[in-house]
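Novice: Sequence below, structure please.
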Amino acid sequence: MDGFGIFLTDYKTSKTIQLPVNPAELKLKYEGDNNSQSVVNLGEINRLGNLKLVGTTIESTFPTDVTTYVADDNLQEPQFYINFIKKIQKAKGHMQFVVANTKISMPMTIENFEYGFEKGYDEEYVYTLDLKQYREFAATKVSKSKKKKKKSKKGKKRISPPKKFGVGSSVVVNGRLYMDSNGNGPGAYEKNAKRQVINIATGHKYPICVGINGAARGWVKKSDVKKA
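Specialist: The predicted model follows:
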């Protein structure tokens, strides 16, 4: 691999591929959900909102033969990459988007995938892949009824529940970092390092992605992480 590499991991199958040719440029768009309003005797103001989902667009090619600009030594046929992306899109799934040698790592969905030939040249497929950040969410049922709390009997001590953590939790890490949740790209060791949980990939070998100030550093085993 020459320079940085872009890796995509299917959350449902845990299968990882590397895009064969790096794009000429790669930009992440961070946009606030702000809106302007007019206020009497004050004029226009900007009401600040939360961050929108991060998006990026990859424009590159799937070559049919090895060339000098191929980033992956294990080049596959163009249809291999096309099928991988279309399968995730068809299954309404999402992927882990990782740029090796950088701190870019986040779960994303496929918003648009377009591929084909340009200028009558059929030696490589030209494609555009639009990705958008994926956030886990779950609906919670709110009950109006209030249940009376049971009083514990005297003389019996309740056992404290284990400390749980989730995305955004502050944790202490003792273990080796990996590039993705499957254990690819082993990296540095963390020792009593205070980190933040960036993402959780349930069912994976290294399911916890940790980082600093929202920037991912790598993936670790669940047993290597404790709530701070």
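Novice: pLDDT-wise, which helix or strand of this protein ranks last?
Specialist: One helix or strand of the chain scores below all others by mean pLDDT, DSSP states H and E: strand 43-47, with a mean of 73.
Novice: all strands in this protein, in order from the N-terminus.
Specialist: Using DSSP state E, the strands of the chain run over 6-10, 16-18, 35-39, 43-47, 55-63, 95-99, 105-118, 121-133, 170-178, 186-200, 208-212, 215-220, 225-227.
Novice: any idea of the angle the third one forms with strand 43-47?
Specialist: Following axes from the mean of the first three to the mean of the last three CA atoms, to 10 degrees, one obtains 140 degrees for the angle between strand 35-39 and strand 43-47.
Novice: And for the longest one?
Specialist: Here the directions of strand 186-200 and strand 43-47 differ by 120 degrees (the same axes, to 10 degrees).
Novice: Can you name every helix or strand that strand 186-200 contacts?
Specialist: Of the remaining helices and strands, those touching strand 186-200 by 3 or more CB pairs under 8 Å, 6 or more residues apart in numbering; DSSP states H and E are strand 105-118, strand 170-178, strand 208-212, strand 215-220. C-beta coordinates here come from the backbone N, C-alpha and C atoms, glycine included.
Novice: at 7 Å instead, please
Specialist: Contacts defined by 3 or more CB pairs under 7 Å, 6 or more residues apart in numbering; DSSP states H and E place strand 186-200 against strand 170-178, strand 208-212, strand 215-220.
Novice: what do you get for the fifth one?
Specialist: Counting contacts by 3+ CB pairs under 7 Å, 6+ apart, strand 55-63 packs against helix 78-90, strand 121-133.
Novice: please redo it, this time with the cut-off set to 8 Å
Specialist: Counting by 3+ CB pairs under 8 Å, 6+ apart, strand 55-63 packs on helix 78-90, strand 105-118, strand 121-133.
Novice: wait, which of the ones you listed is closest to L26?
Specialist: strand 121-133 (10.6 Å; CB to CB).
Novice: Dump that closest one to CSV, restricted to CA.
Specialist: Backbone C-alpha positions of strand 121-133 (Å, rounded to 0.1, in the frame of the first residue of the first chain) are rendered in CSV as follows:
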residue,chain,number,x,y,z
TYR,A,121,-12.6,3.9,-22.5
ASP,A,122,-13.5,0.5,-21.1
GLU,A,123,-10.2,-0.4,-19.4
GLU,A,124,-11.5,1.0,-16.1
TYR,A,125,-14.8,1.9,-14.4
VAL,A,126,-15.3,5.4,-13.2
TYR,A,127,-17.5,5.8,-10.1
THR,A,128,-18.9,8.3,-7.6
LEU,A,129,-19.7,7.1,-4.0
ASP,A,130,-21.6,9.5,-1.7
LEU,A,131,-21.4,8.5,2.0
LYS,A,132,-23.2,10.0,5.0
GLN,A,133,-22.5,9.4,8.7
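Novice: Please name the residues that touch the closest residue to Y127 other than its chain neighbours.
Specialist: Excluding its sequence neighbours, the residue lying closest to Y127 (CB to CB, 6 or more residues apart in numbering) is Y115, at 3.7 Å. Applying CB atoms under 8 Å, 6 or more residues apart in numbering, we find Y115 in contact with F62, I82, Y125, V126, Y127, T128.
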